[in-house]
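[1] Predicted structure and sequence below. I'll ask about it afterward.
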Amino acid sequence: MPLLRNALRTLTCLLAIAALPIGVGPARAGIEEDRRALAELQTGDLRLQAVGWRLAQANAPFCADAHPAIGLLLQDMANYGDPDAMRAAAGIAGDVAVEAVVPGSPADAAGLATNDEILSIGTRRMADLPAAPPGDWQRLTGLHDLMDQVLAQDGSVHIEWRRASDGTVHSALIAGIPVCPSRFELLAKGGTAEADGRRVLIGRKFSGVGYSEPLFAAAVAHELAHNLFAHRAWLGHVGRKQKNIRLTEREADRLMPWLLANAGYDPQSAVDFFKKWGPRNDGWIFRARTHDGWDERAEFVAAELPKIEQLMASEGKADWPTHFKRTVPVGNR
């Protein structure tokens, strides 16, 4: 369910750093260029992870299926076209390292940092992982699944790592804290923002990536809302007719300021996002029938603000499961 729909797009990458051209081919510029490119990727990934974490953690009290997480995003050298070049760029001997650590998260408090080499997760040693071909993304997905499984079972996960700054080996049992269930992934290609039920997927060329943090957070909140309300599953049951998709899009729009308010962002940012994004991206007479026009979307969002302001003043929280008026049927999923 994309925030904006581009009929010409092709989405060829399912992970933030899969199949990137870094370090590929004989014309590779060298290790310094690889390091600069890797750092640029990590900066973008960290921004999305930090915003996603802030939204998911702040709204966890209202998510019935909140689960523990530690704020850690991994990278796997097998994702790249030239794994050896990227090992050198990251400064590691193995395949798995830290891509991003959310500031203030349990992983941050434990001392993990970008490009630290991961040696083990729980009882699984990285040296024992099955081999993966260049460009593979499934092994990294499996590692994130492993962390989620251990955290769901024990509430904490034991991680051993080699510190990038000095080569010393460290380990810690890291306790997770509750977050709403969603992963946040920055895609190497594509200019859309989407939700697939489990993940929020943001293309690096999505225009909102370059917006200020509150407006970018509004775009992320829209996709997170789709996952929280299980819109994809509902559409799978009732059919992806235009009227049904439009209903889910409108509901996700209206929840945006509620999620923002709980995370400490100004809920007005959701209105401001549409005012900035809409004129250049909404298509005007070519706008998709699956979405309201950007000006209508801004109006629907603005209508939620008085209720949110009242709740924040009286209760200090925007309790959306209690006070938000659903328009998509809750059953039939």
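    Perfect, thanks for sending it. Predicted model only: the values in this text are computed from it and were never measured.
[2] Distance from the chain centre to stretch 256-275, please.
    Remark: stretch 256-275 is offset 17 Å from the chain centroid, using CA atoms, centre = their mean, to the nearest Å.
[3] so where's this structure uncertain?
    Confidence mapping of the chain against pLDDT under 70 gives the ranges 1-29, 283-288, 331-333.
[4] And it, split by domain according to the record?
    With automatic domain parsing serving as the domain definition, the record reports that the chain contains domains spanning 31-179, 190-323.
[5] show me where this structure has helices.
    31-58, 83-90, 106-110, 138-154, 213-228, 231-238, 242-262, 268-281, 294-302, 305-314, 320-323 (DSSP state H).
[6] if we compare those helices, which one ends up closest to residue 76?
    Taking CB to CB as the criterion, residue 76 comes closest to helix 138-154 out of the helices of the chain, the separation being 4.0 Å. From N, CA and C alone the C-beta is placed, and that goes for glycine too.
[7] and the closest one, what other elements does it pack with?
    For helix 138-154, the packing partners by 3 or more CB pairs under 8 Å, 6 or more residues apart in numbering; DSSP states H and E come out as strand 67-69, strand 72-76, strand 117-121, strand 156-162.
[8] The last one to strand 72-76, inter-axis angle?
    Just to be clear, that refers to strand 156-162. Using axes from the mean of the first three to the mean of the last three CA atoms, to 10 degrees, the interaxial angle of strand 156-162 with respect to strand 72-76 works out to 50 degrees.
[9] So in that sheet, which strands flank strand 156-162, and in what orientation?
    The strands that strand 156-162 pairs with in its sheet are strand 117-121 (antiparallel), strand 169-175 (antiparallel) (by DSSP bridges).
[10] want to try JSON lines for the helices and strands packed on helix 138-154, with distance to residue 299 as columns?
    Converted to JSON lines, the helices and strands packed on helix 138-154 look like this (distance: least, CB to CB, whole Å):
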{"stretch": "strand 67-69", "distance to residue 299": "35"}
{"stretch": "strand 72-76", "distance to residue 299": "36"}
{"stretch": "strand 117-121", "distance to residue 299": "47"}
{"stretch": "strand 156-162", "distance to residue 299": "45"}
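[11] out of the ones you listed, deepest packed?
    Highest mean neighbour count among the helices and strands packed on helix 138-154 (mean count of other CB atoms under 10 Å): strand 72-76, with a mean of 25.
[12] Send me that one as CSV with only the CA atoms.
    Taking Å, rounded to 0.1, in the frame of the first residue of the first chain, the C-alpha atoms of strand 72-76 are listed here in CSV:
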residue,chain,number,x,y,z
LEU,A,72,20.1,-3.0,16.1
LEU,A,73,20.3,-3.3,12.3
LEU,A,74,22.9,-5.8,10.9
GLN,A,75,24.7,-5.9,7.5
ASP,A,76,25.9,-9.0,5.7
